[in-house]
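In: A predicted structure for the sequence below; I have some questions about it.
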Amino acid sequence: MTMKRLENRVALVTGGGRGIGKAIAARLHAEGARVAICGTTEDVLRQAADDIGADVFPVVCDVSVADQVEAMVFQVCERFGKIDILVNNAAVMLRHIGVERAARPFYELDEADWDKVMNVNVKGMWLCSKAVFPGMRSQKWGRIINISSDTVYMGRGNGVQYVSSKAAVVGLTRALAFEVGSFGVTVNAISPGLTQSETVQEHDFAEMSEQLARSSAIPRLEYPEDLAGTAAWLASDDAAFVTGQVVSVSGGLAMH
């Protein structure tokens, strides 16, 4: 039987209960990895774990809180023995602060909303990367995959806190890649377009989705599963000499 690309690997996917995170977790699991998923809603995580398959480990964690991140990494290592792959997918915007507040112009933003987005979308990635790195360094192998957004390249207005946070992810990815490369760890980012996750579908983005699809090189809607193959590749030995890169997976919506 052909060995799967991620056999004997352990992956932790933040925000793994829904949308992009769940699709990536399912693909890594299908590729042979043992998978842990985290999020803030226990019943959503448990359902996602059941949907994905056997021995998927759900852990409740707010990635913006250092003590919770450290406890999560401890639990995953206690369960599986190590963490080889970290997918930093957890992010907040629409579901957490509401469409009306999220879409305000920058001069009307609430400071608390700015801080909430930055704490999860940027600080959370730093905390999770920091927590898993000692184990990756000791085993001289690791993959960190951060989820950014094509909004960084499109520069749309109203929602500056989200776009700024995803631009910070690009900088974080490149800086970390230089710090950890000598230890056998790669750091890359995936940049999706407007993906038809539950959050997008819960709100009225049908018209915007269709407009973006029509302006893409591949003129169709983007779904969470469209990102999963790129994540699996970056997590594998096939991408062992790829680091510090941002891969746009949006059907050619943005090219850079």
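Out: Received the coordinates, thanks.
In: surely Ile24 touches Leu86?
Out: No: using CB atoms under 8 Å, Ile24 makes no contact with Leu86, being 11.4 Å away. Using the backbone N, CA and C atoms, a C-beta is placed for each residue, glycine as well.
In: now whichever helix or strand Gln47 is part of, how far from the centre of its chain.
Out: Gln47 belongs to helix 42-52 when assigned by DSSP states H and E. Centroid displacement of helix 42-52 relative to its chain, using CA atoms, centre = their mean, to the nearest Å, is 17 Å.
In: for that helix, name the packing helices and strands.
Out: helix 19-30, strand 34-39, strand 57-60 (3 or more CB pairs under 8 Å, 6 or more residues apart in numbering; DSSP states H and E).
In: among the ones you listed, which comes closest to Asp51?
Out: helix 19-30 (7.5 Å; CB to CB).
In: flag every buried residue along that closest one.
Out: Within helix 19-30, the residues that count as buried by 16 or more other CB atoms under 10 Å are Gly19, Ile20, Gly21, Lys22, Ala23, Ile24, Ala25, Ala26, Arg27, Leu28, His29, Ala30.
In: name the residues that touch it?
Out: 4, 6, 9, 11, 13-16, 35, 37, 39, 48, 51-53, 56, 85, 87, 89-90, 147, 192, 195, 197-199, 223-225, 227-229, 231-232, 235 (CB atoms under 8 Å, 6 or more residues apart in numbering).
In: from those residues, which land in strands?
Out: Judged by DSSP state E, the subset of these located in strands is Ala11, Val13, Thr14, Val35, Ile37, Gly39, Ile85, Val87, Ile147, Pro192.
In: Leu6 versus the fourth one, what's the distance?
Out: For Val35, the distance to Leu6 equals 9 Å [CB to CB, to the nearest Å].
In: more neighbours: which of those two?
Out: Using other CB atoms under 10 Å, the more surrounded residue of Val35 and Leu6 is Val35, with 30 against 24.
In: for this structure, what spans make up the helices?
Out: Counting by DSSP state H, one finds helices in the chain at the ranges 19-30, 42-52, 66-80, 94-97, 99-102, 111-118, 124-139, 151-154, 160-180, 198-202, 206-214, 225-235.
In: nearest to Val60 among these would be which one?
Out: Closest to Val60 of those, according to CB to CB: helix 42-52, at 5.2 Å.
In: got the buried residues for the closest one?
Out: Under the neighbour-count criterion of 16+ other CB under 10 Å, helix 42-52 has Val44, Leu45, Ala48, Ala49, Ile52 buried.
In: so which residues make contact with that helix?
Out: The contact list for helix 42-52 (CB under 8 Å, 6+ apart) reads 16-18, 22, 25-26, 29, 35, 37-39, 56-60.
In: could you report the neighbour count for Gln75?
Out: Neighbour number of Gln75 under other CB under 10 Å is 16.
In: pLDDT score for it?
Out: Looking at Gln75, its pLDDT stands at 98.
In: quick revisit: I'd like to know which of the helices and strands packed on helix 42-52 lies nearest to Ala71.
Out: Across those, closest to Ala71 is strand 57-60 (CB to CB), at 8.5 Å.
In: tell me what that closest one is packed against?
Out: Checked by 3+ CB pairs under 8 Å, 6+ apart, strand 57-60 has strand 34-39, helix 42-52, helix 66-80 packed alongside it.
In: stretch 149-162: end-to-end distance?
Out: This stretch, stretch 149-162, spans 9 Å end to end (CA to CA, to the nearest Å).
In: to clarify, my last question referred to stretch 242-255.
Out: Start-to-end span of stretch 242-255 (CA to CA) is 19 Å.
In: now it: mean pLDDT?
Out: Stretch 242-255 carries an average pLDDT of 88.
In: what sits against Trp233?
Out: Neighbour list for Trp233: Ala239 [criterion: CB under 8 Å, 6+ apart].
In: confidence score at it?
Out: Trp233 carries a pLDDT score of 98 in this model.
In: cool, and Leu172?
Out: Looking at Leu172, its pLDDT is 98.
In: circling back to that earlier point, same list, the helices and strands packed on strand 57-60, but as TSV with distance to Arg143 please.
Out: Below are the helices and strands packed on strand 57-60 laid out as TSV (distance: least, CB to CB, whole Å):
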stretch	distance to Arg143
strand 34-39	13
helix 42-52	19
helix 66-80	15
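In: good, wrapping up.
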